[in-house]
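Visitor: just the structure for this:
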Amino acid sequence: MKLELCICLIFSMKVLSSAFVFGRNRAESLKREILELSKKVDRGISADPQDKEEMLNKFEQLEKLNPTRAPLNSPLVNGDWSLDYTTSDSILGKGGFPRVGPIIQMIDTKSSRAENSEVVNYFGLKVPRKVTAVLTPVNKQFTNVQFERFSIGPIGFDAPDSFKGSLDVTYLDEDFRLTRGDKGNIFVLT
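Guide: Numbers count the residues shown, from 1 in each chain. Just a heads-up that it's a prediction; the model follows:
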């Protein structure tokens, strides 16, 4: 009986260990695939419906492998994150002035603050833009966002109270974050 129990425990540990390694390897593979597709479609600017469907499929698979159960309570979420992909036309600048260089999102859950910054090309003139926001966590993964102040170059102005949103952090590890926005958009950040 004791021998059978030991064999069963050893087998169970090997199965769990294999599952953990498989999940970790699968996550790394999905992250690589997501980043390759992100580059191919230029952050989402040139994504066609098939590309968007492929990205959403990979996004959803990676969400299921989230190693961080309370992302907003984790120190991993804090810091500067570079936007690699989104379905948000407004953030991509579709139909408007093109974004030049990285789009950065800074998160600081200790101060409940966030900041998005980018450089926009206005008729050949590169102008920095940013928006600051207050985060109000609803739970360990989901936060409301109240935009506070916009800056375009040296000019700043307060955001209207109606400029609100939310972020649902659905995957977080040391170098990768997946987020869903309140308008149904998805975001891949590294």
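
Visitor: show me what I155 is bridged to.
Guide: I155 has the following beta-bridge partners by DSSP bridges: I152.

Visitor: from R129, how far out is it?
Guide: Applying C-beta to C-beta, to the nearest Å, the value for I155 to R129 is 10 Å. In this view, the C-beta of every residue, glycine as well, is placed from N, C-alpha and C.

Visitor: quick check: L172 touching E63?
Guide: No: using C-beta atoms under 8 Å, L172 is not in contact with E63, being 10.4 Å away.

Visitor: if we can go back for a sec, of I155 and R129, who's got more company?
Guide: The neighbour comparison of I155 against R129 (other C-beta atoms under 10 Å) goes to R129, with 18 against 9.

Visitor: ok, the nearest residue to L189 once chain neighbours are set aside - contacts?
Guide: Distances taken as C-beta to C-beta, 6 or more residues apart in numbering place W81 nearest to L189, at 3.8 Å, with adjacent residues excluded. For W81, the residues meeting the contact criterion (C-beta atoms under 8 Å, 6 or more residues apart in numbering) are 104-107, 177, 189-190.

Visitor: list phi and psi for E36.
Guide: Dihedral pair for E36: phi -60, psi -50, per degrees, to the nearest 10.

Visitor: burial count for it?
Guide: Counted with other C-beta under 10 Å, E36 comes out at 11.

Visitor: what about it, distance to D173?
Guide: Distance from E36 to D173, by C-beta to C-beta: 18 Å.

Visitor: residues in contact with stretch 172-187?
Guide: Applying C-beta under 8 Å, 6+ apart, the set of residues contacting stretch 172-187 from outside is 27, 31, 55-56, 59, 62-63, 66-68, 71, 74, 76-77, 81, 83, 85-88, 91, 165-171, 188-190.

Visitor: state the distance from N144 to A27.
Guide: Using C-beta to C-beta, N144 is found at 28 Å from A27.

Visitor: and L37, how many neighbours?
Guide: Look at L37: counted by other C-beta under 10 Å, it has 20 neighbours.

Visitor: for this structure, which strand is longest?
Guide: Identified as the longest strand of the chain according to DSSP state E is strand 125-137.

Visitor: if we can go back for a sec, among N144 and A27, which residue is more densely surrounded?
Guide: Taking other C-beta under 10 Å, N144 and A27 do not tie; A27 has more neighbours (19 against 15).

Visitor: correct me, but that one touches E63?
Guide: No: when contacts are counted by C-beta under 8 Å, A27 is not listed as touching E63 (10.3 Å).

Visitor: where do the helices sit along this structure?
Guide: Here the chain has its helices, by DSSP state H, at 2-40, 49-63, 89-92.

Visitor: and stretch 99-119, how far out from the chain middle?
Guide: 12 Å (C-alpha atoms, centre = their mean, to the nearest Å).

Visitor: any low-confidence regions in this structure?
Guide: 1-23 (pLDDT under 70).
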